[in-house]
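> Okay, structure incoming, though there's no sequence with it:
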């Protein structure tokens, strides 16, 4: 019994101290910014450089095809076309885009295509974009990587890839960032 009295006394002191400890709560701001993660690439990735830490914007629709084999990468040339050589709206099979915010820094976004076409266009409609790479995944799993080599593109329409016989594209994944407060990127697939 004598041993229980000191134990009860310590337990009572702990009970009294608990409310005092509970009042020392640290409050954190709920918004900590976007979640960042390292870019995930598959076996055989053709570009040899460290993977970026990016904000990942998930695709609206889950991708149907994963890269099976990588084709030789294409080095992008930053030559904008004139309005006269741009495809007519009736010649487009698909169009989609994404808005990039400068505060997000490097961003990975995926655009679901699921269409067949002959030429893929890349357009910056407003702002400036610094792109790292684009991964074009075809319906059969073949994947073409376009290396932008971190070049900055201003507003304009740029040819991205040509497919002589036409190909069905499943989706396009791009890693880029806005170098202005916001920028808008659009991809267009010509029939």
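Received, thanks. Worth saying up front: this structure is predicted, and the values here are computed from it rather than measured.

> Tell me the pLDDT of the residue nearest to residue 98 when sequence neighbours are not counted.
In space, and not counting its chain neighbours, residue 98 is closest to residue 109: 4.5 Å by C-beta to C-beta, 6 or more residues apart in numbering. All C-beta spots, glycine's among them, are computed from the backbone N, C-alpha and C. pLDDT for residue 109: 95.

> So residue 109 sits against residue 174, correct?
Yes: at 5.9 Å, residue 109 and residue 174 qualify as touching, with contact defined as C-beta atoms under 8 Å.

> ok, then the element right after the lowest-mean-pLDDT helix or strand in the chain?
Ranking every helix and strand in the chain by mean pLDDT, DSSP states H and E puts helix 4-22 at the bottom, with a mean of 54. Where DSSP states H and E defines the elements, the next helix or strand beyond helix 4-22 is strand 36-38.

> can you pull the buried residues of that following strand?
By 16 or more other C-beta atoms under 10 Å, strand 36-38 has no buried positions at all.

> got the contact list for that strand?
Strand 36-38 is contacted by residues 51, 52, 53, 54, 55, 56 when judged by C-beta atoms under 8 Å, 6 or more residues apart in numbering.

> I'd like to know the average pLDDT value across the longest strand along the chain.
The residue-count maximum for a strand in the chain (DSSP state E) belongs to strand 156-178. For strand 156-178, mean pLDDT is 93.

> how far is the next helix or strand after that strand from where the chain is centred?
Going down the chain from strand 156-178, the next helix or strand is strand 182-190, by DSSP H and E. The chain centroid and the centroid of strand 182-190 are separated by 14 Å under C-alpha atoms, centre = their mean, to the nearest Å.

> can you check stretch 72-88 too?
Taking mean C-alpha positions (C-alpha atoms, centre = their mean), stretch 72-88 and its chain are 22 Å apart.

> Any buried residues in the longest strand of the chain, and which?
Result for strand 156-178 [16+ other C-beta under 10 Å]: buried residues 157-161, 163, 167, 169-178.

> ok, back up a step: do you know how far the residue nearest to residue 98 is from residue 116?
22 Å (C-beta to C-beta, to the nearest Å).

> With residue 125 instead?
In terms of C-beta to C-beta, residue 125 sits 24 Å off from residue 116.

> burial of the spatially closest residue to residue 99 that is not a sequence neighbour, as a residue count?
Once flanking residues are discounted, residue 99 sits nearest to residue 184: 5.1 Å by C-beta to C-beta, 6+ apart. Residue 184 has 16 neighbouring residues, counting by other C-beta atoms under 10 Å.

> and the most centrally placed residue in the chain, bridged to which residues?
Nearest to the mean C-alpha position of the chain, counting by C-alpha atoms, centre = their mean, stands residue 108 at 1.0 Å. On the basis of DSSP bridges, residue 108 takes part in beta bridges with residue 56, residue 175.

> can you pull the contacts of it?
39, 54, 55, 56, 57, 173, 174, 175.
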